[in-house]
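S.K.: structure here, sequence nowhere to be found:
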């Protein structure tokens, strides 16, 4: 008989009341604070990595040799049920799947996982922290194992608590889960008796989670493909990871396969090698000079120069070009042609010294940031000839000395800074001059008779000389020459 939620919660917290040996195990008093605090350390796209790795682990547990498939797609069942008004992003894998009890145990406990937990493996907090914190309206898990399906929804309660939303069964009672039928399967699992689909519900019912977050500024249309290709160095060859690219609102787009950054480097590098550092291997590539082709592929790959750290099959510490990516390459002595140079640093240290933080956003060596400055000095001292030649060609600009190349480029843009001949608009100035002349003429003649200025000042003899000003003197002289009577 299925246990009630309260009884399961008591069983899960049994260590807090004392085990058989009398030891009272540590418990988490405020898991909501811990989840949101760890979630604040993750990027908006970290959940893509966590859910993809969960799918890879589930496929490996099902059949490491046969492989499987992971698909990032729209939740078409919800899309069709809403008449196309609700678009939610989902990820589906053909892994082993889970029944109701494992779903409760692994989804509703913060540090719990069906995989082995270790410093180099699974922490058991990834998807719940990175993806859950960005989807307070819910992470909906639909899983099938040996033909039996179950659904749970991990979300935030209106009062701020996180947990599993109660589900209503057909007979009217509620529990933390509800059964699923064959009709509830996504299109990819219709011929399978196992697999899992996770739907990202976002911040509210009408939130379109297929759209890129606001923090994504580049390649927004292909944001999932671009992130996964740049995050993974390579993916298992027996597992196909594909993404449904966004297209028209009522039409499904095509499926784009994710390979990992290494696939792109092998296609576009014309030179490669390895430099041995004191405690790391520096793998380098020189990309081809087809800038136009690589610019077109920038929406799917990190197609320009960059430096990253390798841990397992993933890339860490990748800086965008606009936020220091090229600057890091310059620290490695690559000061010219850096848009064509790629460096991947793989630390070689004793076990236990290298690891990542809980949010998997930083790679740490001896609990400190990686020694990029020291690695840069070592690489500069042993720089490969191919990279030196790349810099020489870039510095000479196709055979022209660099100073001459700079002069030619400056002279080419100098006409843009040259002011052309122009005729000033004198309409307003002429009007002001004409009005000023009339005023000067009128008051110049009155000044000879000791008239008063409109402001109350007396205009006496001193205004006839230097006080009258050059404009008034010229007007009086012009009037005398024309022998016109002065108006009083």
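M.R.: Structure received. What you are looking at is a predicted structure, and each value in this text was computed from that prediction instead of being measured.

S.K.: next helix or strand past the helix or strand where residue 376 lies?
M.R.: For residue 376, the host element (DSSP states H and E) is helix 372-381. Following helix 372-381 in sequence order, the next helix or strand is helix 385-396 (DSSP H and E).

S.K.: about what we covered before: show me what the helix holding residue 376 is packed up against.
M.R.: The contact analysis (3 or more Cβ pairs under 8 Å, 6 or more residues apart in numbering; DSSP states H and E) places helix 372-381 against strand 280-287, helix 325-331. C-beta coordinates here come from the backbone N, C-alpha and C atoms, glycine included.

S.K.: what are the buried residues along the helix or strand following the first one?
M.R.: This points to strand 280-287. Sequence order places helix 291-296 as the next helix or strand after strand 280-287, per DSSP H and E. For helix 291-296, the neighbour count (16 or more other Cβ atoms under 10 Å) marks residue 294 as buried.

S.K.: and stretch 154-167, by the same measure?
M.R.: Neighbour counts using 16+ other Cβ under 10 Å place 154-156, 162-165, 167 of stretch 154-167 among the buried residues.

S.K.: show me what the mean pLDDT comes to for that stretch.
M.R.: For stretch 154-167, mean pLDDT rounds to 93.

S.K.: name the nearest residue to residue 208, sequence neighbours excluded.
M.R.: residue 87 (4.6 Å; Cβ to Cβ, 6 or more residues apart in numbering).

S.K.: tell me, what's the model's pLDDT at the one you found?
M.R.: Residue 87 carries a pLDDT score of 94 in this model.

S.K.: that one reaches residue 76, doesn't it?
M.R.: No - with contact defined as Cβ atoms under 8 Å, residue 87 does not count as touching residue 76 (9.8 Å).

S.K.: give me the more crowded residue out of those two.
M.R.: Each of residue 87 and residue 76 has its neighbours counted (other Cβ atoms under 10 Å); residue 87 has more, 20 against 15.

S.K.: pretty sure residue 28 is touching residue 34, no?
M.R.: Yes - when contacts are counted by Cβ under 8 Å, residue 28 is listed as touching residue 34 (6.2 Å).

S.K.: just the helices in the stretch 51-200 of the chain please.
M.R.: 76-81, 100-107, 126-130 (DSSP state H, counting those that start in this stretch).

S.K.: by mean pLDDT, flag the weakest helix or strand of the protein.
M.R.: Taking mean pLDDT, DSSP states H and E as the measure, the chain has helix 5-12 as its least confident helix or strand, at a mean of 46.

S.K.: sorry, back to before: can you pull the contacts of the residue nearest to residue 208?
M.R.: With contact set as Cβ atoms under 8 Å, 6 or more residues apart in numbering, residue 87 has these partners: 74-75, 79, 208-210.

S.K.: now do 10 Å
M.R.: 74-76, 78-79, 202, 206-211, 246, 249 (Cβ atoms under 10 Å, 6 or more residues apart in numbering).

S.K.: of those residues, closest to residue 353?
M.R.: residue 209 (38.4 Å; Cβ to Cβ).

S.K.: tell me the secondary structure at that closest one.
M.R.: Secondary structure for residue 209, judged by DSSP: H, G, I helix; E, B strand; the rest coil, is coil.

S.K.: measure how buried it is and give me the count.
M.R.: Residue 209 has 21 neighbours, counted by other Cβ under 10 Å.

S.K.: quick check: phi and psi on it?
M.R.: phi -80, psi 0 (degrees, to the nearest 10).

S.K.: separation between it and residue 341?
M.R.: Distance of residue 209 to residue 341, computed by Cβ to Cβ, to the nearest Å: 37 Å.

S.K.: nearest to residue 276 among the contacts of residue 87?
M.R.: Of all the contacts of residue 87, residue 276 sits closest to residue 246, with 44.0 Å by Cβ to Cβ.

S.K.: ok, residue 174 - contacts?
M.R.: Taking Cβ under 10 Å, 6+ apart as the definition, contacts of residue 174 comprise 5, 165-168.

S.K.: make TSV out of these and add distance to residue 331.
M.R.: Below are the contacts of residue 174 laid out as TSV (distance: Cβ to Cβ, whole Å):
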residue	distance to residue 331
5	54
165	49
166	55
167	54
168	59
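
S.K.: can you pull out the low-pLDDT segments for this protein?
M.R.: Within the chain, the ranges that satisfy pLDDT under 70 run 1-20, 111-125, 247-252, 322-323, 397-406, 408-409, 418-473, 481-488.

S.K.: how is it carved up into domains?
M.R.: What automatic domain parsing lists as the domains of the chain is 30-258, 261-415, 427-481.

S.K.: most tightly packed of the ones you listed?
M.R.: Of the domains of the chain, the one with the most neighbours on average (mean count of other Cβ atoms under 10 Å) is domain 30-258, at a mean of 18.

S.K.: straight-line length of it, end to end?
M.R.: 38 Å (Cα to Cα, to the nearest Å).

S.K.: again, but for stretch 230-238
M.R.: 20 Å.

S.K.: I figured residue 91 hits residue 195, correct?
M.R.: No - contact criterion Cβ atoms under 10 Å: residue 91 and residue 195 do not qualify, at 11.1 Å.

S.K.: what do those two both touch?
M.R.: Listed as contacting both residue 91 and residue 195 by Cβ under 10 Å, 6+ apart are residue 55.

S.K.: does the spatially most central residue of the chain sit in a helix, a strand or a coil?
M.R.: Residue closest to the mean C-alpha point of the chain, counted by Cα atoms, centre = their mean, is residue 216 at 3.9 Å. Put simply, residue 216 is coil when judged by three-state DSSP.

S.K.: roughly how far apart are it and residue 227?
M.R.: For residue 216, the distance to residue 227 (Cβ to Cβ) stands at 8 Å.

S.K.: what do you get for residue 63?
M.R.: Using Cβ to Cβ, residue 63 is found at 27 Å from residue 227.

S.K.: swap in residue 190?
M.R.: 28 Å.

S.K.: my guess is residue 353 meets residue 367, correct?
M.R.: Yes - if you go by Cβ under 10 Å, residue 353 and residue 367 touch, sitting 8.9 Å apart.
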